[in-house]
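> Need a 3D model of the sequence below.
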Amino acid sequence: MDTQDRRRGLVAFSVFFFVVAPCFAGGILPADTVKAPAPDRIYLVSDTTLRVLVVKETSDSIRYILEGDAVERTVDRKQVRSVIKGARPKPSPKPPKVQKMGEEAWRSVVVTRKEGDVKGMRALGDKSVEVTLTLGQRGKRAKASDIEKAAIIQLQQRAVEQKATHILIESLEVMQAYGEPPSVKVKYRPYRKTVLSK
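You can find the predicted model right below:
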């Protein structure tokens with residue numbers, strides 16, 4: 001190989017490396033030459049395997065894009081032995097549906113201090129719940145009976161979230177300290193009235 005052939009080879013390599021290759025890397029070429037991912041396989045009756053991206057399947061045909069191609073093609077279902085779909089990106093999880101209840105749904109929750117009132121109902125949870133409810137700054141000047149009523153409303157609202165129909169209050173203690181918002185210490189158990197089918 002003489003010097004002139006080496007120069008031609010070096011020039012051809014330089015032109016390819018510095019002119020043509022950046023076109024592929026930089027996206028200068030038209031969109032129809034962009035490679036399609038091929039996570040799927042179509043096995044034809046003629047023992048041919050196609051690496052493709054399946055676009056749509058119907059009972060009559062399969063629309064696909066060949067690996068490294070951007071043209072959508074169709075194959076008759078009769079020519080296909082099987083289709084194996086590969087890994088696809090997982091869809092983002094949808095937030096759980098929140099069942100919205102009326103603003104006044106808590107009013108239907110029955111509050112009682114008598115165990116006989118909840119006899120035969122299903123208790124929600126293994127044991128009683130003990131909570132301390134704070135009523136905020138506006139309750140500083142409230143009477144103990146008003147503080148107790150506000151605490152019961154909070155319990156009823158919690159019961160709606162738990163899908164309870166009744167609350168059995170086992171103990172309730174109003175606590176007021178000078179300069180602090182009042183709080184109520186409550187021990188209760190939520191119940192649900194079950195309808196027996198005949």
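> following the worst-scoring helix or strand of the chain on mean pLDDT, which helix or strand shows up next?
One helix or strand of the chain scores below all others by mean pLDDT, DSSP states H and E: helix 21-26, with a mean of 52. The helix or strand immediately downstream of helix 21-26 is strand 40-44, counting by DSSP states H and E.
> Pull out the buried residues from that following strand.
Residues of strand 40-44 classed as buried by neighbour count (16 or more other CB atoms under 10 Å): Asp40, Ile42. Yep, even glycine has a C-beta here, placed from its N, CA and C like the rest.
> What pairs with it, parallel or antiparallel?
strand 49-57 (antiparallel), strand 80-84 (antiparallel) (DSSP bridges).
> tell me the domain ranges of this structure?
30-88, 105-192 (automatic domain parsing).
> Buried deepest among those, which one?
domain 105-192 (a mean of 15; mean count of other CB atoms under 10 Å).
> what mean pLDDT would you report for it?
Mean pLDDT, computed over domain 105-192, is 82.
> distance between the ends of it?
15 Å (CA to CA, to the nearest Å).
> just stretch 68-77 next, same as before
23 Å.
> Likewise for stretch 117-130?
First-to-last residue span, stretch 117-130, CA to CA: 20 Å.
> can you give me the strands in this protein?
40-44, 49-57, 61-66, 72-76, 80-84, 110-112, 122-123, 129-134, 166-175, 183-192 (DSSP state E).
> would you list these in TSV and tack on distance to Lys143?
What follows is the strands of the chain, written out as TSV (distance: least, CB to CB, whole Å):
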stretch	distance to Lys143
strand 40-44	72
strand 49-57	70
strand 61-66	74
strand 72-76	76
strand 80-84	73
strand 110-112	19
strand 122-123	32
strand 129-134	16
strand 166-175	10
strand 183-192	13
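> closest to Gln154 out of those?
With CB to CB as the criterion, Gln154 lies closest to strand 129-134 of the strands of the chain, at 5.1 Å.
> For Ala159, which of the strands paired with strand 40-44 is the nearest?
strand 49-57 (49.2 Å).
> now that closest one against strand 72-76, angle please.
100 degrees (axes from the mean of the first three to the mean of the last three CA atoms, to 10 degrees).
> Need the CA coordinates for strand 49-57. CSV is fine.
Provided in CSV are the C-alpha atoms of strand 49-57 (Å, rounded to 0.1, in the frame of the first residue of the first chain):
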residue,chain,number,x,y,z
THR,A,49,-38.7,-14.6,13.7
LEU,A,50,-39.3,-10.8,13.6
ARG,A,51,-37.9,-8.5,16.2
VAL,A,52,-40.5,-5.8,16.3
LEU,A,53,-42.5,-3.3,18.3
VAL,A,54,-46.2,-4.4,18.1
VAL,A,55,-48.4,-1.3,17.5
LYS,A,56,-51.8,-2.9,17.4
GLU,A,57,-53.3,-6.4,17.3
